[in-house]
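Trainee: got a sequence here, can you model it:
(4 chains)
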Number of protein chains: 2
Amino acid sequence: MQPKLKDIAKELGVSTATVSNVLSGKGRVSEETRRLISEKIREIGYRPGGPGRALRTGRSGVLGLVLPDISNPLFPAFAQAIEAAASRTGHGILIADSHGDPTAQTEALERIMQRGADGIVIVPCRGTQVSGLSLPTAIIDSAATPGNSVCADHFQGGRIAVEHLQALGHRRLVLLGHSRRSSVQTARIAGMQAALAPETRADVYWLEEAAPDFAALAGDGATAFAATSDLHALTALTRLQGAGLSVPGDVSVLGFDDLSFSAQITPGLTTLAQNMPEIAAAAVQHLLLQLEAVPLPAPRLVPMKLLVRGSTGPAPNDPKHNKTTQQGDVTT
Amino acid sequence: MQPKLKDIAKELGVSTATVSNVLSGKGRVSEETRRLISEKIREIGYRPGGPGRALRTGRSGVLGLVLPDISNPLFPAFAQAIEAAASRTGHGILIADSHGDPTAQTEALERIMQRGADGIVIVPCRGTQVSGLSLPTAIIDSAATPGNSVCADHFQGGRIAVEHLQALGHRRLVLLGHSRRSSVQTARIAGMQAALAPETRADVYWLEEAAPDFAALAGDGATAFAATSDLHALTALTRLQGAGLSVPGDVSVLGFDDLSFSAQITPGLTTLAQNMPEIAAAAVQHLLLQLEAVPLPAPRLVPMKLLVRGSTGPAPNDPKHNKTTQQGDVTT
DNA sequence: CTAGTGTGATTAAACGATTTTTCATCCCCA
DNA sequence: TGGGGATGAAAAATCGTTTAATCACACTAG
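Mentor: Below you'll find the model as predicted:
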């Protein structure tokens, strides 16, 4: 049985109020009893928390986190960053997986509210729009989503990706997305297209609809593949390598999100990383501000960062570049 | 403001006790009022939960989940499975990341207990041993860990891996682990070694200590690489492919845990998968039994399952096998 | 000597739900 | 007519903690 406030009070012959005052440093307590009580507290390792406090104060110290798919390789980093940011402010994280299903998402939100969370961080399912919750909410999606609170600047990430490839001399690009219903992916592709030089040609493929033959595209003149996710970049990379092409000698590959495996493979995957700690901190901050009824700041766009690894190199037959493959991570 | 029990009671002119009775179906309520109240409840969408209930009943309906590293690509699947299993029994999941640090792990446990969790599922940090918690606990680690509650049968997984490779004719194996301090990895390697035929040679490399030159090993006669994680299998596969070797034509590669990317790459990675749903269900079950003070069952060992994809094939120059690479997943 | 002022600590109410106890009827039968 | 169930619902206690209100006491100033 956990020690309770009453136990301490009884053992020291004082009232629970006095003990509580010592804990919070609020009421009037003599130096003497304060010392006595805090010593006892340390001795038996008492921690106030629990439902009692939550009931009285109306704060549970727990934030909900609703994700469309925990097993998506991007979300671990998300969850970890959010957990870290919440820990820093003394909050716990209650997770829920919506399995990409809007109905499940609604249920998840309800369950979290029912459990008394103080606020909710939501990464919404594709195509859903969350609003009108009676709880502080932070939405992490894309700049285009109404109600979005904070997110990576996917558009800018796309631009940087294409700028990087063009600077290496690539003029025939293949842009790979998974689903055009994902606002994140469409933003990245749009950013890529916005950065295209007049002489650059870029074909977009949505893998959900039809998977192209990567090696054939390369044979047809494409020298660089830019995917909206490292997962698809990896698919392309292994398929190209398997077909006997050299990466980045014959063809460059670039991805997004710096997934766990991206630095592990050979060549290392050049990728655009989200600044997870900053996004997470902003999301948590967003909730805490709402809890204090502070007017909300404008949606935050956190810049993405290019990590140059070995999978991108000079376009073949480009006179300007004939250096060898770069080693290690270079950030810009 | 969320609707409260008192609101409903006041609005219908009954006592809170009566409403609570309707909710739980316990006390004596006339059919008439029961109908009236439950209709009102449905109308305003009231859900009892919250700290009030937790305080009175002593159950918060929340289970803690402590992981050594959320961003480890294996844990998403873990977390998802646990979340699903807990949802099924009406529980929420409070996650905490110990960052592989025993001190942080202890703190995480305390924070979770303080928040009033009903039980804790722990995947312990390497080398730590959790015990003596005043809360129901389920430990998921390896069979060798004292106090282990449930885990995959890593040893058996290792055996199956080597048996698979030997059946394909491989007689020169390279076994890859990351750290010999990981009880999971040592169990897998031990299982692999236990299945070796007398004429098979297998060299073990711990990547944490020294990373071998994979291509050189292959040139030296090794025809198959078995890693204790898909992550390292992927490292090996891309490096071998990059060196111009054909997988599985020249060399086979096998991993563990069926990570998110394993089916996405070319060739698909043959791997030994953990039965996450079963492990998660067993862990949650373990907690629920303790809550009801039922004597604990013996530790559960959940068999691993071989998923044969394209990365393993017949050993080169093996007279018995000359089929082409298999397509798709074949389970045994 | 009394009223006012601090000081240190206790009492009691409150939070939202559950559960035990009590209460008020009504009905039946002796 | 008056006890004895049965029935339906209200009253009250309880969980652990915080906090406003209160109290007891000493000290000081008028």
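Trainee: CA atoms for contacts and neighbours, from now on please.
Mentor: Will do.
Trainee: anything in stretch A:246-265 near chain B?
Mentor: Yes - Stretch A:246-265 comes into contact with chain B (CA under 8 Å from any CA of the partner chain), by way of A:246-247, A:260-261, A:264-265.
Trainee: between the two ends of that stretch, how far is it?
Mentor: 14 Å (CA to CA, to the nearest Å).
Trainee: look up which residues are beta-bridged to residue A:203.
Mentor: residue A:174 (DSSP bridges).
Trainee: again with residue A:62
Mentor: residue A:92.
Trainee: and it, how many neighbours?
Mentor: 23 (other CA atoms under 10 Å in any protein chain shown).
Trainee: and the gap between residue A:231 and residue B:154?
Mentor: Residue A:231 is 27 Å from residue B:154, by CA to CA.
Trainee: who's more crowded, these two?
Mentor: Neighbour comparison, residue A:231 and residue B:154: the larger count goes to residue B:154, with 30 against 26 (by other CA under 10 Å).
Trainee: for that one, which non-adjacent residue is closest in space?
Mentor: residue B:188 (5.0 Å; CA to CA, 6 or more residues apart in numbering or on different chains).
Trainee: make sure I have this right: that neighbour is in a strand.
Mentor: No - under DSSP: H, G, I helix; E, B strand; the rest coil, residue B:188 sits outside any strand and is assigned helix.
Trainee: pretty sure it is touching residue B:157, no?
Mentor: Yes - Residue B:188 lies in contact with residue B:157 (CA atoms under 8 Å); the separation is 6.5 Å.
Trainee: which residues of chain A lie near DNA strand D?
Mentor: Chain A has residues A:4-6, A:16-18, A:20-21, A:23-24, A:47-53, A:55-57 near DNA strand D, with proximity defined as CA under 7 Å from any atom of the strand.
Trainee: which of those are close to DNA strand C?
Mentor: A:16-18, A:52, A:55-57.
Trainee: quick one: which of the residues you listed has the most company?
Mentor: Result: residue A:18 is most packed of these (other CA under 10 Å), 20 neighbours.
Trainee: from the contact counts, what lies against the stretch of helix or strand it belongs to?
Mentor: For residue A:18, the element it lies in under DSSP states H and E is helix A:16-24. Using 3 or more CA pairs under 8 Å, 6 or more residues apart in numbering or on different chains; DSSP states H and E, the elements in contact with helix A:16-24 are helix A:5-12, helix A:31-44.
Trainee: can you name every helix or strand that the first one contacts?
Mentor: Meaning helix A:5-12. helix A:16-24, helix A:31-44.
Trainee: relative to the whole chain's centre, how far out is that helix?
Mentor: 45 Å (CA atoms, centre = their mean, to the nearest Å).
Trainee: follow-up on the earlier one: can I get the helix holding residue A:18 in CSV, CA atoms only?
Mentor: The C-alpha trace of helix A:16-24 is given here as CSV (Å, rounded to 0.1, in the frame of the first residue of the first chain):
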residue,chain,number,x,y,z
THR,A,16,-3.1,16.6,6.8
ALA,A,17,-3.5,20.2,6.0
THR,A,18,-0.1,21.0,7.5
VAL,A,19,1.6,18.3,5.6
SER,A,20,0.0,19.5,2.4
ASN,A,21,1.2,23.0,3.2
VAL,A,22,4.7,21.8,3.6
LEU,A,23,4.5,20.0,0.3
SER,A,24,3.3,23.1,-1.6
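Trainee: which residues sit against that helix?
Mentor: Identification of contacts with helix A:16-24 by CA atoms under 8 Å, 6 or more residues apart in numbering or on different chains yields A:5-6, A:8-9, A:27-29, A:34, A:37-38.
Trainee: if we take those, which one ends up nearest to residue A:128?
Mentor: residue A:5 (45.2 Å; CA to CA).
Trainee: restricting to C-alpha, output stretch A:292-309 in CSV.
Mentor: Extracted as CSV, the C-alpha positions of stretch A:292-309 are listed here (Å, rounded to 0.1, in the frame of the first residue of the first chain):
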residue,chain,number,x,y,z
GLU,A,292,-3.6,29.1,-18.7
ALA,A,293,-6.1,30.7,-21.1
VAL,A,294,-3.4,32.6,-22.8
PRO,A,295,-4.3,33.7,-26.4
LEU,A,296,-2.9,31.2,-28.9
PRO,A,297,0.0,32.0,-31.0
ALA,A,298,-0.1,31.7,-34.8
PRO,A,299,0.6,28.2,-36.2
ARG,A,300,4.3,27.4,-36.1
LEU,A,301,6.2,26.2,-39.2
VAL,A,302,9.4,24.5,-38.1
PRO,A,303,12.1,24.4,-40.9
MET,A,304,13.3,21.0,-42.1
LYS,A,305,17.0,20.2,-42.2
LEU,A,306,18.9,18.6,-45.0
LEU,A,307,21.2,15.8,-44.0
VAL,A,308,23.6,15.0,-46.8
ARG,A,309,24.8,11.4,-46.7
